[in-house]
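> Here is my input, please return the structure:
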Amino acid sequence: MDSLTQIILGAAVAEVVSGKKLGNKAPLWGAIAGTIPDLDVFIGFLYHPIDATLVHRGFSHSLLFAIIFSPMIAFVIHRVYKQKFSFQIWLRLFFFSIVTHPILDMFTNYGTQFFWPLDYRISFNTVFVVDPLYTIPFGICLLIVLFLKPSNKWRSKINLFGIYYSFLYLIWGVAVKLFILYNSTNYFSKTSYTVKNEIVTPMPLTSFYWMILCEDETNYYLGYKSIFKPFQSKEIDIIPKNQSKLDSLIWKGTNYSETLKRISNNYYNLETKKDTVIFYDLRFGVVGKLTNNKFRKPIFSYEIIHKENVVVKVNRSRGNNLFRFVDFEAYLNSIFR
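Here you go, the predicted model:
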């Protein structure tokens, strides 16, 4: 999830385990602890751009990381406060604030390598990385808590309400996804396409709107389902498969063609331009619905620059420049009308 959401979660969890003893120091340090796993982004420049994708949400988002580093950080902060509060209070605060970060990230598209060093990412893919309906109510509860004294009985109740809300929202996302996934074959059966390997992922900023990605031998198909209206077969985006160029690339050392296939779970497409191959990870969808079809490029990509098929440079892109075409009014109409 985004950094603000992780700050709120870390602060709320710290309030539960240590708020009565520490007062507002608990959510303050919980907010800091909730951001610690994402510090791995600052070492990404040390790696090849494709390796950096795998490093992010790897060790720092694991149970082992929380077990190793929580006592170390707790010991330092225990000393900073001159042992005014017990070491156990700080240990509980940092462990639970850190470990809940990757647990929340499990619900996003990219998931986490929670059981590192096992090479497996857990991804339920049921909430978009930025979802105001998750973050804002949760954040309002935390904000109220910060203005209440630790002795106020409403402080813990309001904080727990925010946590319960966040938990139920995640369960809601799982339920909606399973419902749409269960019916995805039926949605496409009413079209002329015979598809397979359906996956369902939330659209940007909401759990009310979902993308269904599937394929046949020649194309990928992106269908869209709002919970407020029937599946619209006329809105299906068709992306012809263009994958052969990837296997012809020559890498120096590691064969990143295979790594890219693994990262994208083989849901990828290529665009070729003279000395550049653009690798699109289709699991993140395209921006057509967000831009009222003014721009239809996939969101996440790598630019692979080569000379006579020998790769010389790789640049990663998350499509940030595409969002200048965003049309929120049209996007809301796609969801509700």
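> Give me the contacts around stretch 298-312.
Residues outside stretch 298-312 that contact it (Cβ atoms under 8 Å, 6 or more residues apart in numbering): 49-50, 248-252, 256, 260, 269, 275-287, 313-319, 322. In this view, the C-beta of every residue, glycine as well, is placed from N, C-alpha and C.
> Return a ChimeraX selection command for the buried portion of those.
Burial among these is assessed by 16 or more other Cβ atoms under 10 Å; the matching ChimeraX selection reads:
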select :49,50,249,251,256,260,269,277,278,279,280,281,282,283,284,285,286,287,314,317,319,322
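> quick one: which of the contacts of stretch 298-312 sit in strands?
The members of the contacts of stretch 298-312 that map onto strands under DSSP state E are 269, 276-286, 313-317.
> Nearest residue to residue 34 in space, ignoring adjacent ones along the chain?
Excluding its sequence neighbours, the residue lying closest to residue 34 (Cβ to Cβ, 6 or more residues apart in numbering) is residue 10, at 1.9 Å.
> how distant is the helix or strand where that neighbour lies from the center of its chain?
Residue 10 belongs to helix 3-22 when assigned by DSSP states H and E. Between the centre of helix 3-22 and the centre of its chain there are 21 Å (Cα atoms, centre = their mean, to the nearest Å).
> Now do residue 178 against residue 302, distance only.
As judged by Cβ to Cβ, to the nearest Å, residue 178 and residue 302 stand 31 Å apart.
> of these two, who's got more company?
The residue with more neighbours, out of residue 178 and residue 302, is residue 302; 21 against 12, by other Cβ atoms under 10 Å.
> Backbone torsions only: list them for that one.
Note on residue 302: backbone dihedrals following degrees, to the nearest 10 are phi -120, psi 140.
> which residues pair with it across the strands?
Under DSSP bridges, the beta-bridge partners of residue 302 are residue 279, residue 316.
> Model confidence score at it, please.
Looking at residue 302, its pLDDT reads 93.
> I'd like the numbering to begin with 26 instead of 1 from here.
Happy to do that; since the first residue is 26 now, the last one works out to residue 327.
> Could you pull up the residues touching residue 341?
By Cβ under 8 Å, 6+ apart, the contact list for residue 341 reads 74, 75, 77, 78, 326, 327, 328.
> And for the last one, nearest residue in space, chain neighbours not counted?
What it means is residue 328. Counting by Cβ to Cβ, 6+ apart, the residue nearest residue 328 is residue 340, at 4.3 Å.
> do the same with the fourth one
Excluding the flanking residues, the one nearest residue 78 by Cβ to Cβ, 6+ apart is residue 288, at 6.1 Å.
> What segments of the stretch 76-225 of the chain are helices?
Assigned by DSSP state H, counting those that start in this stretch, the stretch 76-225 of the chain shows helices spanning 88-105, 112-130, 157-171, 178-214.
> can you list those helices in a markdown table and add mean pLDDT and distance to residue 143?
Below are these laid out as a markdown table (pLDDT from 0 to 100; distance: least, Cβ to Cβ, whole Å):
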| stretch | mean pLDDT | distance to residue 143 |
| --- | --- | --- |
| helix 88-105 | 96 | 10 |
| helix 112-130 | 97 | 14 |
| helix 157-171 | 97 | 28 |
| helix 178-214 | 95 | 23 |
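> quick one: which of these is nearest residue 355?
Proximity to residue 355 (Cβ to Cβ) singles out helix 157-171 among the helices of the stretch 76-225 of the chain, at 18.0 Å.
> what packs against the closest one?
In terms of contacts (3 or more Cβ pairs under 8 Å, 6 or more residues apart in numbering; DSSP states H and E), helix 157-171 is packed against helix 28-47, helix 50-60, helix 178-214.
> hey, where'd the helices end up in the stretch 226-362 of the chain?
269-273, 281-288, 353-361.
> out of the ones you listed, deepest packed?
Most buried of these, by mean neighbour count (mean count of other Cβ atoms under 10 Å): helix 281-288, with a mean of 17.
> Show residues contacting that helix.
73, 75-76, 78-79, 271-272, 274, 276, 293, 304, 306, 327, 336, 339.
> can you do 7 Å?
Applying Cβ atoms under 7 Å, 6 or more residues apart in numbering, the external contacts of helix 281-288 come out as 75, 78, 271, 272, 274, 276, 293, 304, 306.
> tell me which of those residues is nearest to residue 243?
residue 293 (14.7 Å).
> Does that closest one touch residue 306 like I think?
Yes - with contacts counted by Cβ atoms under 7 Å, residue 293 reaches residue 306, the gap being 5.8 Å.
> Switch the helices and strands packed on helix 157-171 over to TSV; also include distance to residue 233.
Below are those laid out as TSV (distance: least, Cβ to Cβ, whole Å):
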stretch	distance to residue 233
helix 28-47	18
helix 50-60	26
helix 178-214	8
